[in-house]
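Student: need a 3D model of the sequence below.
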Amino acid sequence: MQGLEHITVLGVFFQSVGCEQIWKRDVRFDDKVFLSESNVKSKPLYVLSVMSCGRLCKKNGTSPAFSHIEDKCYCYSNRTDGQSFTFLEGAQYYFLSDDYFFLSDEKNCKDHNYQYLSEIRVCYKDYNDSKIWQDANKKCRSDGGHLIMLDTVGKLSVFQNIIPKNVYYWVGLEDMDQDGTWIWTKSTSKDFDRKLWFPGEPNGNEFCGMVQYLPSDPRAGIFDLICDSPSRFICEM
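Tutor: Numbers count the residues shown, from 1 in each chain. Now for the predicted structure:
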């Protein structure tokens with residue numbers, strides 16, 4: 001559906017046995033505050049961050065959605081579909097998802113000396129040594145994982161802010177058949193979204209995917225590279 005973008009951003013506000021429910025963005029309801037009397041639980045709360053807004057809305061009772069802008073937080077007593085609203089440019093809308101994040105994921109990550117990114121629920125390891133793509137893929141497999149699958153703009157943006165500048169990193173994307181069909185090694189049935197290419201890519205006889213952060217052009221995107229070029233790599237578990 002056009003205009004719908006679900007991005008996992010928060011993972012701590014509803015706790016059950018061994019798991020936590022998570023908040024997600026729904027940009028269809030951005031730039032609005034839903035002001036019907038039955039929907040707004042109270043006047044805006046004043047908060048330091050979107051995470052504080054989520055915590056407060058859950059703390060104040062059953063609140064399955066909220067809007068946040070700057071230091072203001074609007075807690076809703078129900079989902080906003082069909083409710084009246086007023087425009088408030090810059091407001092961001094979040095809802096409590098039926099997805100669950102299992103608390104054991106983070107422990108399992110640490111047990112394997114990997115790092116955990118809760119905002120995108122990714123367990124990863126940045127390897128400093130350089131390998132060709134095939135050997136990097138084998139190393140990740142030996143860990144029980146795979147080369148990282150950056151299959152959304154949100155994931156790409158997060159990792160672009162983590163990796164060093166002007167350094168190549170292999171990801172789990174390849175076209176080994178050289179037929180123009182790019183596949184993720186983690187999930188070969190998942191179609192590759194060509195909008196994830198960096199502008200101008202792919203651009204030659206290069207059949208393995210990589211990412212890098214270019215200070216001169218910080219847009220997030222995937223590049224193609226010759227598979228036998230030694231590069232650093234990121235594994236995901």
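
Student: what strand or helix carries residue 107?
Tutor: Counting by DSSP states H and E, the element that carries residue 107 is helix 104-111.

Student: got the domain boundaries for this protein?
Tutor: 8-101, 125-236 (automatic domain parsing).

Student: in the protein, which spans are helices?
Tutor: 50-59, 104-111, 133-142, 153-160 (DSSP state H).

Student: which one of the domains of the chain lies nearest to residue 109?
Tutor: domain 125-236 (9.2 Å; CB to CB). (Each C-beta comes from the backbone N, C-alpha and C, glycine too.)

Student: turn the domains of the chain into JSON lines, including mean neighbour count and mean pLDDT.
Tutor: Formatted as JSON lines, these follow (neighbours: other CB atoms under 10 Å; pLDDT from 0 to 100):
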{"stretch": "domain 8-101", "mean neighbour count": "17", "mean pLDDT": "73"}
{"stretch": "domain 125-236", "mean neighbour count": "17", "mean pLDDT": "90"}
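
Student: any chance of those domains in CSV, plus distance to residue 116?
Tutor: CSV is the format used below for the domains of the chain (distance: least, CB to CB, whole Å):
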stretch, distance to residue 116
domain 8-101, 10
domain 125-236, 11
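
Student: would you tell me which of those gets closest to residue 107?
Tutor: Nearest to residue 107, of the domains of the chain and by CB to CB, is domain 8-101 at 10.8 Å.

Student: counting by contacts, list what the helix holding residue 107 packs against.
Tutor: Contact partners of helix 104-111 among helices and strands, from 3 or more CB pairs under 8 Å, 6 or more residues apart in numbering; DSSP states H and E: strand 115-117, strand 122-131.

Student: adding distance to residue 43 as columns, could you present those strands in a markdown table?
Tutor: A markdown table is the format used below for the helices and strands packed on helix 104-111 (distance: least, CB to CB, whole Å):
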| stretch | distance to residue 43 |
| --- | --- |
| strand 115-117 | 34 |
| strand 122-131 | 37 |
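
Student: out of these, which is closest to residue 50?
Tutor: Nearest to residue 50, of the helices and strands packed on helix 104-111 and by CB to CB, is strand 115-117 at 16.6 Å.

Student: partners of the closest one in the sheet?
Tutor: Note on strand 115-117: by DSSP bridges, its sheet partners are strand 122-131 (antiparallel).

Student: circling back: quick one: which of the helices and strands packed on helix 104-111 is nearest residue 165?
Tutor: strand 122-131 (14.2 Å).

Student: quickly list what the closest residue to residue 52 other than its chain neighbours is bridged to.
Tutor: With CB to CB, 6 or more residues apart in numbering as the criterion, residue 52 has its nearest non-adjacent residue at 7.4 Å, and that residue is residue 73. Using DSSP bridges, the beta-bridge partners of residue 73 come out as residue 45, residue 68.
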